[in-house]
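In: just to be clear, the model below is a prediction. Sequence and coordinates:
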Amino acid sequence: MEQIYTIPVNEAFEHSAEHKECGCPLCAIHRQFEENELELILGASMMEPDIRIMTNKEGFCRLHYDMMFVRQNRLGMALTLESHLNELREQIEDSAISSLIGGVGSAAEKRLTELESSCYVCRRTAYHFDHIMETVVLLWSTDPGFLPKFKAQPYFCLPHYKLLLSYGKKKLGKKAYPTFAKDCAAVVLPYFDKLREDVSWFCKKFDYRYVDEPWYDSQDSVERAMAFLRGDLHNAGKPKKK
């Protein structure tokens with residue numbers, strides 16, 4: 001197990017266990033890796049030839065273009081775009097051979113189709129997060145000190161709950177996996193039930209019969225339900241307790 005991944009896993013799980021409002025620790029780790037990649041691509045790594053080759057080839061998805069733009073490093077983004085645009089312009093123009101073989105417009109169609117499904121930041125974040133998921137499962141199975149942290153989580157969002165089960169099934173034996181699945185469910189299902197109650201109470205508060213009743217924990221239940229269902233990724237902001 002690589003130490004580089006055990007550190008962020010332990011730190012995130014410890015933090016979420018202590019500060020329940022932080023939510024899913026795996027969302028927090030994903031956000032951190034994503035932020036690191038964005039920081040590098042507009043900073044220290046911007047002019048490195050090997051990085052520039054990859055960003056020219058892969059480009060960025062719409063989400064990460066937006067996240068780069070709001071970071072207010074317009075020069076860094078412009079330099080990245082300059083290189084990408086110049087290379088892309090050459091690639092989408094039909095050569096004599098491509099026109100004969102594939103017809104007019106074939107080079108542009110092929111290259112732009114490739115670009116639609118690629119993003120440098122998505123790929124880099126996914127690479128690290130794959131190791132994070134493996135590390136969580138391995139720590140659960142090999143480190144007795146990690147188990148209390150795992151069980152103390154406020155919740156795992158549903159997308160990361162699914163990934164935990166998938167990685168657990170791949171990495172654990174038939175004897176250990178059922179216990180792992182139960183430990184995951186013991187974190188997720190109580191929160192799931194409480195969230196359902198909060199959302200239902202939020203709906204009731206719009207009924208005149210409940211207008212004088214307290215809100216309890218329901219005022220931010222819509223935001224929390226969205227974070228639980230989709231994952232609170234991409235620095236989307238954390239729901240606040242009322």
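Out: Ah, there it is. Residues are numbered from 1 along each chain as shown.

In: any idea which helix or strand comes after the helix or strand bottoming out on mean pLDDT in the chain?
Out: Every helix and strand of the chain was ranked by mean pLDDT, DSSP states H and E. The lowest is helix 96-102, at a mean of 59. The C-terminal neighbour of helix 96-102 among helices and strands, as given by DSSP states H and E, is helix 106-116.

In: and that following helix, how far from the chain's centre?
Out: Remark: helix 106-116 is offset 27 Å from the chain centroid, using C-alpha atoms, centre = their mean, to the nearest Å.

In: show me what that helix is packed up against.
Out: Using 3 or more C-beta pairs under 8 Å, 6 or more residues apart in numbering; DSSP states H and E, the elements in contact with helix 106-116 are helix 74-91, helix 96-102. In this view, the C-beta of every residue, glycine as well, is placed from N, C-alpha and C.

In: and the angle from it to helix 74-91?
Out: Going by axes from the mean of the first three to the mean of the last three C-alpha atoms, to 10 degrees, helix 106-116 is angled at 140 degrees with respect to helix 74-91.

In: give me the contacts around the next helix or strand after helix 106-116.
Out: The helix or strand immediately downstream of helix 106-116 is helix 120-142, counting by DSSP H and E. Contacting residues not belonging to helix 120-142 are listed as 1-2, 5-6, 8-10, 26, 29-30, 33-34, 37-38, 41, 54-55, 58-61, 64, 67, 146-147, 150, 163-164, 167-168, 171-172, 176, 180, 183 [C-beta atoms under 8 Å, 6 or more residues apart in numbering].

In: show me what counts as buried in the helix or strand that helix 120-142 is followed by.
Out: Later in the chain than helix 120-142, the nearest helix or strand by DSSP H and E is helix 146-151. Residues 146, 149-150 are the ones in helix 146-151 that count as buried (16 or more other C-beta atoms under 10 Å).

In: same check on stretch 53-65?
Out: 54-56, 58-61, 64.

In: and that stretch, C-alpha only, in PDB?
Out: What follows is stretch 53-65, C-alpha atoms only, in PDB (Å, rounded to 0.1, in the frame of the first residue of the first chain):
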ATOM      1  CA  ILE A  53       1.500  17.500 -24.700                       C
ATOM      2  CA  MET A  54      -1.200  15.800 -22.700                       C
ATOM      3  CA  THR A  55      -3.400  18.900 -22.300                       C
ATOM      4  CA  ASN A  56      -3.100  19.600 -26.000                       C
ATOM      5  CA  LYS A  57      -4.200  16.000 -26.700                       C
ATOM      6  CA  GLU A  58      -7.000  15.700 -24.100                       C
ATOM      7  CA  GLY A  59      -8.300  19.200 -23.600                       C
ATOM      8  CA  PHE A  60     -10.800  19.700 -20.700                       C
ATOM      9  CA  CYS A  61     -14.400  19.000 -20.100                       C
ATOM     10  CA  ARG A  62     -16.900  21.800 -19.700                       C
ATOM     11  CA  LEU A  63     -16.900  21.600 -16.000                       C
ATOM     12  CA  HIS A  64     -13.200  21.900 -15.700                       C
ATOM     13  CA  TYR A  65     -13.000  24.700 -18.200                       C
END
